[in-house]
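Asker: Sequence and predicted model, in that order:
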Amino acid sequence: QSQLVESGGGLVQPGGSLRLSCAAPEFNLDYTAIGWFRQVPGKEREAVSCISATGATTYIDSVKDRFAISRDNAKRTVYLQMNSLKPEDTAKYYCASISGHRFRRCGDGMDYWGKGTLVTVSS
């Protein structure tokens, strides 16, 4: 059973918005870094955004000013608000975790992964 569960994906028109959720009930987010990743069939997975245990956030250039990562420590949930969506954002989105003290760079050494949620941006 996955320790991370993504939700919120779906079909949206270009320019629209979605909010993805990553439920991490077994993790104390004060001590855990969470990242959002995406992958398109035939392409490498890319790290979209991360939030460290201290709340520091990072984004890849292609989503800066459009996506926002946040978390609710009490709910043990991390969100990815995606605005101004483009067809090239279409992918399966995954969240993953790593212990906060081991977090160095977004995407490196993640320990646990969810099963993903599909985002399709199309008219």
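Answerer: Ah, there it is.
Asker: Mind jotting down where the strands sit in this structure?
Answerer: 5-7, 10-12, 18-23, 32-39, 46-51, 57-59, 67-72, 77-82, 91-99, 112-113, 117-121 (DSSP state E).
Asker: Touching the first one from outside, list them.
Answerer: For strand 5-7, the surrounding residues in contact (C-beta atoms under 8 Å, 6 or more residues apart in numbering) are 20, 21, 22, 23, 93, 94, 95, 114, 115, 116, 117. Heads up, the C-betas are built off the backbone N, CA and C, glycines and all.
Asker: Tell me the pLDDT of the fifth one.
Answerer: I take that to be residue 93. With respect to pLDDT, residue 93 scores 98.
Asker: Show me how to select, in PyMOL, the buried members of the contacts of strand 5-7.
Answerer: Selection of buried members from the contacts of strand 5-7 for PyMOL, criterion 16 or more other C-beta atoms under 10 Å:
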select buried, resi 20+21+22+23+93+94+95+114+116+117
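Asker: Straight-line length of stretch 11-19, end to end?
Answerer: End-to-end distance of stretch 11-19: 12 Å, with C-alpha to C-alpha, to the nearest Å as the criterion.
Asker: Now do it, average pLDDT.
Answerer: 98.
Asker: Now do it: everything it contacts.
Answerer: Counting by C-beta under 8 Å, 6+ apart, 8-10, 79-87, 119-123 sit against stretch 11-19.
Asker: So, low pLDDT: which residues of this protein?
Answerer: Counting by pLDDT under 70, the chain contains low-confidence ranges at 1-2.
Asker: Report the beta-bridge partner residues of the residue positioned nearest the centre of the chain.
Answerer: Closest to where the C-alpha atoms of the chain average out (C-alpha atoms, centre = their mean) is residue 36, at 2.2 Å. Under DSSP bridges, the beta-bridge partners of residue 36 are residue 49, residue 95.
Asker: How much space separates the closest residue to residue 92 other than its chain neighbours from residue 37?
Answerer: Closest residue to residue 92 apart from its sequence neighbours, by C-beta to C-beta, 6 or more residues apart in numbering: residue 116 at 4.4 Å. Using C-beta to C-beta, to the nearest Å, residue 116 is found at 9 Å from residue 37.
Asker: got any residues that touch both of these two?
Answerer: What both residue 116 and residue 37 touch, as defined by C-beta under 8 Å, 6+ apart, is the set 93, 94.
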